[in-house]
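sharing a model that was predicted from the sequence below.
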Amino acid sequence: MGDPAVSERRWQVPLADVAVGDELTEAVLGVVRSGWWSMGPRVEEFESAFSEFTGSGHAFAVASGTAALHLALLAVGCGPGDEVVVPSLNFVAAANTIVHTGAEPVFCDVGGPDDLNLSPADLEAALTERTKAVVVLHYGGQPCDMDAVLALAERRGLTVVEDAAHAPGATHRGRACGTMGAVGCFSFFSNKNLPVGEGGMIVTNDDELATRLRLLRSHGMTTLTWDRHRGHASGYDVLLPGFNYRLDEVRAVVGLEQLRRLPEENAARARVVERYRELLDGVAGLSMPFAPVAGLESAHHLAVVLLPPGAERDPIRAELADRGVQTSVHYPPIHRFTAYHASSRRPLPQTDAVADRLLTLPLYGGLSDEQVEAVVDGLLQTL
């Protein structure tokens, strides 16, 4: 076999990138040299900083965004016999975690080509007497219509779980995404706005949910290793069957450094998206969803364009790759996956209409004007 480093494609414009500076490196080395690597004081510091950043009463660092969703669904009581409504235009983890609670995912549609967030009208149409909760995705960092979702939830007695994996720093009429439902879930995967490699965060303002989340995260144990190490406890009880979904100290200190620069990162992403919109929206049959709306502040996690109807996406992506431009698709709708065919009992015309036209362009704060022009020029020449 050849050397992977040699065979790996060299992207002129990668889909995402991570900036590593001296402060981040020194912070990580400090934790490594401390000798305490499992969950401890830096995790607590990260949780406190994230709670303050979002304005939430409680924040719990976890191993991944998927772990965050799983714990959130369990904490709000989802289980066998329940249905949970979720947009199909989403990463599959949203449905997988519903299944792992014993509940059944019910897919709902998006608003249309201009709004790739869930349709409140179709959300309501998807409800049955078995519906326990709705998982709301803020797609690409753009806040969902939370006024409509929360009003419907109150009227129908639903629990709202916010999937804010794309949306750290996004706000809906002044409120942080992730803090408007019963519980909010964030992802810190390497391509996210706040990357740590693998990791996530759960936030809530509900004290009872916070107690349950704290237990579920760490085996249902009443004390943690760090508590016992400090002499704050000598033993523990187990109050419920939990998981090991903890975050470690190394990733927590990376998260702290990334949180400090998150506003700068989001602002830089916003400038790149604005440039894409100027150069591509309405040009050569292309369109960009999520035109700016007063009162909604996007985190700009994704730069998504819709290809002209009938365009063949795979050849376009291949030609862009030949030009050194990496692209992706967010997302293949969950209801089209083999594992979820049996759950696809509702028509999703808007999702199906946009699914094969979606194309995700490179987006990160360090993207240069020259790189943006290379992406734009390359895309327009493929059409």
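It's in.

shaky segments in the stretch 151-300 of the chain?
225-234 (pLDDT under 70).

and Val272, how many neighbours?
23 (other CB atoms under 10 Å). (Glycine included, C-beta is placed from N, CA and C.)

which SS state does it fall under?
helix (DSSP: H, G, I helix; E, B strand; the rest coil).

could you shift the numbering so residue one becomes 528, and keep it that way?
OK, 528 is where the count begins now, so the last one is Val799.

identify the residues contacting it.
827, 830, 890-892, 894, 899 (CB atoms under 8 Å, 6 or more residues apart in numbering).

gap between Thr624 and Ser714?
12 Å (CB to CB, to the nearest Å).

just curious, which of the contacts of Val799 is nearest to Leu813?
Ala830 (12.0 Å; CB to CB).

now the strands for the stretch 578-727 of the chain?
585-589, 610-614, 631-635, 637-639, 642-645, 658-664, 686-690, 698-699, 702-703, 710-714, 727-731 (DSSP state E, counting those that start in this stretch).

common neighbours of Thr624 and Ser714, please.
Taking CB under 8 Å, 6+ apart as the contact rule, Thr624 and Ser714 both touch Thr593.

nearest to Asn732, of the contacts of Val799?
His827 (25.7 Å).

please parse the protein into its domains.
For the chain, the structural domains run 549-787, 789-909, going by automatic domain parsing.

which of the ones you listed sits most buried?
domain 549-787 (a mean of 20; mean count of other CB atoms under 10 Å).

end to end, how far does that one reach?
14 Å (CA to CA, to the nearest Å).

what does stretch 634-650 give?
So stretch 634-650: terminal residues 9 Å apart, CA to CA.

what's the mean pLDDT across it?
Mean pLDDT, stretch 634-650: 98.

give me every residue that touches the closest residue to Leu645 other than its chain neighbours.
Of all residues not flanking Leu645 in the chain, Pro614 sits nearest, at 4.1 Å (CB to CB, 6 or more residues apart in numbering). Applying CB under 8 Å, 6+ apart, we find Pro614 in contact with 621, 634-637, 644-645, 662-664, 666, 878.

so which of these is the closest to Glu725?
Ala621 (17.3 Å).

show me the beta-bridge partners of the residue lying closest to that closest one once chain neighbours are set aside.
Excluding its sequence neighbours, the residue lying closest to Ala621 (CB to CB, 6+ apart) is Val613, at 5.1 Å. When assigned by DSSP bridges, Val613 has beta-bridge partners Phe634.

show me the contacts for Val613.
621-622, 625, 632-635, 661-662, 664, 861.

distance of it relative to Leu886?
Counting by CB to CB, the gap from Val613 to Leu886 is 23 Å.

quick check: which ranges of the stretch 528-677 of the chain have low pLDDT?
528-536.

helices along that one, start to end?
531-534, 549-561, 568-581, 592-602, 620-627, 647-653, 673-683 (DSSP state H, counting those that start in this stretch).

with distance to Glu735 added, can I get those helices in CSV?
Below are the helices of the stretch 528-677 of the chain laid out as CSV (distance: least, CB to CB, whole Å):
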stretch, distance to Glu735
helix 531-534, 49
helix 549-561, 33
helix 568-581, 17
helix 592-602, 9
helix 620-627, 21
helix 647-653, 26
helix 673-683, 18
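
identify the residue nearest the residue positioned nearest the centre of the chain in space, chain neighbours excluded?
What sits nearest the mean C-alpha location of the chain, by CA atoms, centre = their mean, is Ala692, with 1.7 Å. Leaving aside its chain neighbours, Ala692 sits nearest to Ser714 (3.7 Å; criterion: CB to CB, 6+ apart).

likewise for Gly812?
For Gly812, the closest residue by CB to CB, 6+ apart turns out to be Pro835, at 3.0 Å.

what helix or strand does that neighbour sit in?
Using DSSP states H and E, Pro835 maps to neither a helix nor a strand.

residue contacts, it?
811-813, 884, 910.

then Ala880?
Here Ala880 is in contact with 639-640 (CB under 8 Å, 6+ apart).

are we agreed that it is in a helix?
Yes: read with three-state DSSP, Ala880 is one of the residues of a helix.

now it: how far from Val820?
22 Å.

now Leu742
Distance from Leu742 to Val820, by CB to CB: 39 Å.

and if you look at Glu571?
37 Å.

ditto for Val730
Following CB to CB, the distance that separates Val730 from Val820 is 24 Å.

please apply the same query to Pro722.
On the measure of CB to CB, Pro722 and Val820 end up 27 Å apart.

if we can go back for a sec, who does the residue nearest to Ala692 form a beta bridge with?
Gly727.

which residues touch it?
Neighbours of Ser714 in contact, by CB under 8 Å, 6+ apart: 591-593, 595, 692-693, 726-727.

for Ala703, same thing?
Here Ala703 is in contact with 580-583, 696-697 (CB under 8 Å, 6+ apart).

cutoff 6 Å now
581-582 (CB atoms under 6 Å, 6 or more residues apart in numbering).

same check, this time on His746
If you count contacts by CB under 6 Å, 6+ apart, then His746 has Gly769 around it.

what's the distance between it and Glu725?
With CB to CB as the criterion, His746 and Glu725 are 19 Å apart.

and Asn732, by the same measure?
26 Å.

what residues are up against the residue nearest to Val603 when sequence neighbours are not counted?
Nearest residue to Val603 in three dimensions, chain neighbours excluded: Thr686, at 4.7 Å (CB to CB, 6+ apart). With contact set as CB under 6 Å, 6+ apart, Thr686 has these partners: 603, 660, 709.
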